[in-house]
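Chemist: Model the following, please.
(2 chains)
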Protein chains: 2
Amino acid sequence: MSWDGKGATLLDSRRQWPRYASVKEMEIAIDEIRAELASTEDIISTDPDDLHAHGYSEWSTVNPDSLPVAVAYPRSTEQVSVIARICSKYHVPMIPYSGGTSLEGNFSAPFGGVSVDFAYMDQVLQFNREDMDVVVQPSVGWQDLNDHLAKMESGLFFPVDPGVINLTVVLADGTIIKTRRRPRKSSAGYNLNSLFVGSEGTLGLVTEATLKLAVVPEALSVAIATFPTIRDAAAAAAEVMQGGIPVAAMEIMDEVQMRVVNLGGATAPRVWRETPTLFFKFAGSTAAVQDNIAQVQGIARRNKGDEFEFAKDAREQKLLWSARKESLWSMLALRREGEEVWSTDVAVPFSRLADIIEVSKKEMDDLGLFASILGHIGDGNFHESIIYNPVNGEKEKVEACVKNMVRRALDMEGTCTGEHSIGWGKKDSLLLEVGEDTLAVMRAVKAALDPAWIMNPGKIFDRLE
Amino acid sequence: MSWDGKGATLLDSRRQWPRYASVKEMEIAIDEIRAELASTEDIISTDPDDLHAHGYSEWSTVNPDSLPVAVAYPRSTEQVSVIARICSKYHVPMIPYSGGTSLEGNFSAPFGGVSVDFAYMDQVLQFNREDMDVVVQPSVGWQDLNDHLAKMESGLFFPVDPGVINLTVVLADGTIIKTRRRPRKSSAGYNLNSLFVGSEGTLGLVTEATLKLAVVPEALSVAIATFPTIRDAAAAAAEVMQGGIPVAAMEIMDEVQMRVVNLGGATAPRVWRETPTLFFKFAGSTAAVQDNIAQVQGIARRNKGDEFEFAKDAREQKLLWSARKESLWSMLALRREGEEVWSTDVAVPFSRLADIIEVSKKEMDDLGLFASILGHIGDGNFHESIIYNPVNGEKEKVEACVKNMVRRALDMEGTCTGEHSIGWGKKDSLLLEVGEDTLAVMRAVKAALDPAWIMNPGKIFDRLE
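Modeler: Predicted structure coming up:
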C-alpha cells in the first residue's frame, strides 16, 4: 500500500510529526520535479512494483505498512538538488536508496514521500593515483570499485575500513555543500564527514565521496582454525589481538553457521567441520604473512584449536574463504515455505564476546529456534541470523530474544548495533543505549539541519514535542 | 587587560554577538560558583598572572586584547556541570584550557568569561587491559599516559593517531552526556565523538574520554635519509607511501630546520647535515622492521638520497630522533630580544607537497624572513615557523606570506590547517576553504547545541545575524 496519511497513528502520543504533504500534494510535487527535469528520461517512476521494491525489504526485521509515492532516479548532484528543493517546498519526505541491503527498515517510507534511488549515479568521477584517492558517486559498489582499480593496474584498492576525505551533500532545502577539499588530514572546523556518514540520510543526501585508497599488499593469504567451543575460539582471537599480530580480517562462525554452509551446498564438494571456526585474512610482505600465519597457528594450538589450515595458493584462498562468503546466502537458502530470516547485530567490548554469544545462543536453543552466529571478533561485533515462521508465534519469540540480546550487550557496555544501524527497527534500543540527554543532542543536530524533518523521517529517532 | 565589554567592536558589522554578562554580572556568577562548590579549595582564581597565563600565549599567532575574568579549576565532571549551569544562567563565556599548546588563539578570551582549566582532572580512571582501552580525564598527557602504561607492563600504548571510543561531555547548560558506551565499533545514531573532537570547546566541555590502545610492537627503529632538495625528499616519501611500506612515522625537515637544530645545540655534539632530511620510525616484528628499513634505504638511494643512517640500538634511535624532537624548541631558542615565532600549518594532497613548500619557502626567502619547514609528509601536512620582529613591520610581511600559503594550499585542494585548527586566528581562512554554505551547516550545529553562544565564543567562526 502507498502512503495514506495514517502512518503517524502507529506512533505513541509523545512523538510529534510535522504535517507532511497529503498524497495529492505529493503528486503536485512530483509533477513539478518531472517538469523541471523534463529533458531527462525516466527521472520519476510510480510503477507499483518499483514502489514496493523501494519501500519493502524481505531482509528487513521490520517493514512499516506504507510505501513511497514515487521513486526518483537522479543522474547528477544538480538533479538531486532540484528534487530536494521541490520536496522541501511541499514538505515531502525524501528517502535515499542505493544498495538496498539494509536490515532495519532503513529505506522504508513510513510517511510516504519520494525514494531517491542513486542507481544511475554509479560513476568513478576521478582517480588521483598519486594522492591515492578516488571520487565516486553513491552507487559505485565496493567490489566494482576494486575491480575498476585492478583493471587499471593501479596497485591500489578500497579497503574494508573506509576512510572518507570529503563528501558532497544535498541538504534538505536543496543546498549543495562540500564538507572539505581534498587533503587527507584537516583540523579546519567541525568534522562534517563523520556527521553525515552513518546518519542514514536523515541529515542530507550524499551524492559524491572522496575515498582514501590503500596499497595492494605484496602477499595475501587465508587460514581457518577450528575449536571445540566458541569460548576457545574467542580466547584465541583475543590472543591474536593482544599480541598485536596484524590480521586483515578475523571472523568467527559458530557450529550452526558451519552446518548451514554444508547444508546450503554452495561450497560443495568441500564439507566443513561443524564446530566453531575462525577465519583469518593476512596481508603484507611475503615474509610478514608467513610469519603471521605461523604465530596465529601457534596461538590456535595453545587455545585447543584442533585443526589449522592455510591456503597455499589463490585457489585455496578462495576455497577457504568461501564458507565465510556464502554464510548469509546459505542461511537464506535454508528457509522453507513461509519462513523468514531475522538478521541482527550487536557489539560489546571484546572481552565479553564469548559471554554474550553463549547466553544468547542458549536462549535461542531453549526456545527451539534455529539461529546461527557470525562475528567480526576483533571489534566485539557479531551477527545473529534466526529462521522463524511468522504464522505460529515464532516472530514474537525472536523479537523477545533480540531485545534480550540488545539489553545484554548494553549491560556489558556495548551497543545495540555494530554495523546494521538503527533505521526504523532499533529506535527504542538506541534510547536505552545512550539515554534521553544524548539523544536530545542528536535530535537538536537533526532539527538544525532539517527543520521540516523531511529527510528520511522516522529513522534513528522520532521527533518529540 | 581583563574583559571590558568592548571586544565586539573589533568585529565587522555583519557579525552579531549575543549580549554576554557584564563584568559585574560575571563576578556575581563567579561568586555563585564559589558558593556552590564551597567545600572545594581553590576552585576559582582571579589572580592577574593566572588570568594572563590563560588568556595570552607567546606561541600564538594572535592574542585578542582581553583576558578571562576568572579561571576555574574543577576536580570532577559534576563540578564542571555546576560551572556550566551557572555560566549559562548569567550568559558567561566558558573557555576550556588544558595543555595550553594551541597556536591560533584557541584558548583566548575575546569576550572575557571563565577559563575552565582541567589541571586537576589528570587521572587515568580505568584501564581495561583485555579490551585494550583506557578511560582518562582531560589533563592526562600523551607521554604521561604511555609512561603509566609502560610502568604497568601492560604491553599497550596510546598511538599518535588517537581512536576515541566515547566521550563524556558537559553541554552549555550543564547537562552531562556520554556519547556511547564502550564498544570499539558502533553504528548506533550520529557519530558524536567525531563531532565533539576538534570542535575546540565550542560545543561542550569534554571531561572524560575512552581511548583505544595499541600493542607495543616487538621491534622499533629509526632512520634518517638526506636529500639534495625538498623535491627529491618528497619523491622518496611518495614512493614509500605508494609502495605501501608500513612506517610508524615519516617526517620531513628542510635545510633551514636542520641548521636551526645545529645552532640550537640541544643535540650536541652531533652535528647534522644542513640539507632536506626525512625521519622515519619503523614498528613491527623484528623481521618486518629490518625488511622495511632495507626497502626505504633502496627508495632513498633511487631518489638521490645521499646519506642513509639507521639506528642499531635504542641509544641511536634516541639520537637520530632527537633532531626531530628538538626542532620547535631549537627554533624558539634562536629568537633574539624582541623577536617572535609565527608557527602555522597547512595540508595538501600529497602529490602537491613539494610544490607548495618550494613556492612558500621562496616567498619567505625573497622577503628576507627566516623560516623553517617541518612536515608530516604522508599526510601532505607541514608546519612553517617564521622568526620575525614585530617592531619593524615584519609581522605584516609574515601575515601576508601565511595568507598566501593558505590560498596556495586551497588552490591545490588542500586545507588551511592540518593540525593547529582554526581558533581565533584562521576564521577567514576557514570561510575561504569551505564556503558560506558549509560554514552555515557548522553554525547551525553550533546554534543547536549552544543557543546562547557561550561555549568558547569567537572561535572557528563568528555568529551571523
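Chemist: so what does the biggest helix by length in chain A touch, helix or strand wise?
Modeler: In chain A, with assignment by DSSP state H, the single longest helix is helix A:427-449. Contacts defined by 3 or more CB pairs under 8 Å, 6 or more residues apart in numbering or on different chains; DSSP states H and E place helix A:427-449 against helix A:394-411, strand B:176-178, helix B:192-196, helix B:427-449. Bear in mind the C-beta positions are built from the backbone N, C-alpha and C, glycine included.
Chemist: same thing but at 6 Å, please
Modeler: Applying 3 or more CB pairs under 6 Å, 6 or more residues apart in numbering or on different chains; DSSP states H and E, one finds that helix A:427-449 makes contact with helix A:394-411, helix B:427-449.
Chemist: Show me the one of these that comes nearest residue B:74.
Modeler: Evaluated over those, closeness to residue B:74 peaks at helix B:427-449, with 20.2 Å, by CB to CB.
Chemist: Go through that closest one and flag the buried ones.
Modeler: For helix B:427-449, the neighbour count (16 or more other CB atoms under 10 Å in any protein chain shown) marks B:427, B:429-431, B:433-434, B:438-446, B:448-449 as buried.
Chemist: which parts of the stretch 101-250 of chain A sit against chain B?
Modeler: By the rule CB under 6 Å from any CB of the partner chain, the part of the stretch 101-250 of chain A lying against chain B is A:130-131, A:175, A:177, A:181-191, A:194-195, A:198-199, A:215, A:244.
Chemist: mind listing the strands for the stretch 51-200 of chain A?
Modeler: Listed in chain order, the strands of the stretch 51-200 of chain A (DSSP state E, counting those that start in this stretch) span A:70-72, A:94-97, A:114-117, A:124-128, A:133-136, A:156-157, A:164-170, A:176-178.
Chemist: Correction: the previous question concerned the stretch 301-450 of chain A.
Modeler: Under DSSP E, counting those that start in this stretch, the stretch 301-450 of chain A gives strands at A:307-310, A:340-347, A:370-376, A:381-388.
Chemist: Out of the ones you listed, which gets nearest to chain B?
Modeler: When the strands of the stretch 301-450 of chain A are compared by CB to the nearest CB, strand A:340-347 sits nearest chain B, at 4.1 Å.
Chemist: what sits up against the closest one?
Modeler: Residues from elsewhere that reach strand A:340-347, judged by CB atoms under 6 Å, 6 or more residues apart in numbering or on different chains: A:61, A:103, A:331-332, A:379-381, A:383-387, A:390, A:398, A:402, A:405, A:409, A:414-415, A:417-420, B:183, B:185.
Chemist: Over to stretch A:391-401?
Modeler: Here stretch A:391-401 makes contact (CB under 6 Å, 6+ apart) with A:342, A:363, A:364, A:367, A:386, A:388.
Chemist: possible to save those residues as CSV with neighbour count, pLDDT and distance to residue B:146?
Modeler: Converted to CSV, the contacts of stretch A:391-401 look like this (neighbours: other CB atoms under 10 Å in any protein chain shown; pLDDT from 0 to 100; distance: CB to CB, whole Å):
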residue, neighbour count, pLDDT, distance to residue B:146
A:342, 23, 94, 45
A:363, 17, 95, 42
A:364, 22, 92, 43
A:367, 15, 91, 48
A:386, 23, 95, 44
A:388, 24, 95, 50
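Chemist: quick check, nearest of those residues to residue A:256?
Modeler: Minimum distance to residue A:256 across those is 9.2 Å, recorded for residue A:364 (CB to CB).
Chemist: That closest one: what's its closest spatial neighbour, skipping adjacent residues?
Modeler: residue A:371 (4.1 Å; CB to CB, 6 or more residues apart in numbering or on different chains).
Chemist: so what's the one you found up against?
Modeler: Applying CB under 6 Å, 6+ apart, we find residue A:371 in contact with A:364, A:384, A:386.
Chemist: In the sheet, which residues pair with the last one? Tell me.
Modeler: Per DSSP bridges, the residues bridged to residue A:386 are residue A:342, residue A:371.
Chemist: before we move on, back to that, per-residue confidence averaged over the longest helix of chain A?
Modeler: When pLDDT is averaged along helix A:427-449, the result is 98.
Chemist: Show me what it is in contact with.
Modeler: Defining contact as CB under 6 Å, 6+ apart, one finds that helix A:427-449 is touched by A:202-203, A:406, A:410, A:416, A:422, A:461, B:175, B:177, B:188-190, B:444-445, B:448-449.
Chemist: Now for those residues, which sits with the most neighbours around it?
Modeler: Most neighbours among the contacts of helix A:427-449, by other CB atoms under 10 Å in any protein chain shown: residue A:416, with 33 neighbours.
Chemist: Could you check how far the nearest residue to that one once chain neighbours are set aside is from residue B:131?
Modeler: Leaving aside its sequence neighbours, residue A:416 sits nearest to residue A:429 (CB to CB, 6+ apart; 3.6 Å). Residue A:429 is 22 Å from residue B:131, where distance means CB to CB, to the nearest Å.
Chemist: Then residue A:46?
Modeler: 51 Å.
Chemist: When the two are compared, which one has more neighbours?
Modeler: Taking residue A:46 and residue B:131 together and counting by other CB under 10 Å, residue B:131 has the greater number of neighbours (25 against 13).
Chemist: so what's that one up against?
Modeler: Residues near residue B:131 by CB under 6 Å, 6+ apart: A:349, A:350, A:351.
Chemist: phi, psi of the residue nearest to the last one when sequence neighbours are not counted?
Modeler: Put plainly, it is residue A:351. Of all residues not flanking residue A:351 in the chain, residue B:130 sits nearest, at 3.8 Å (CB to CB, 6+ apart). Main-chain torsions, residue B:130, degrees, to the nearest 10: phi -70, psi -30.
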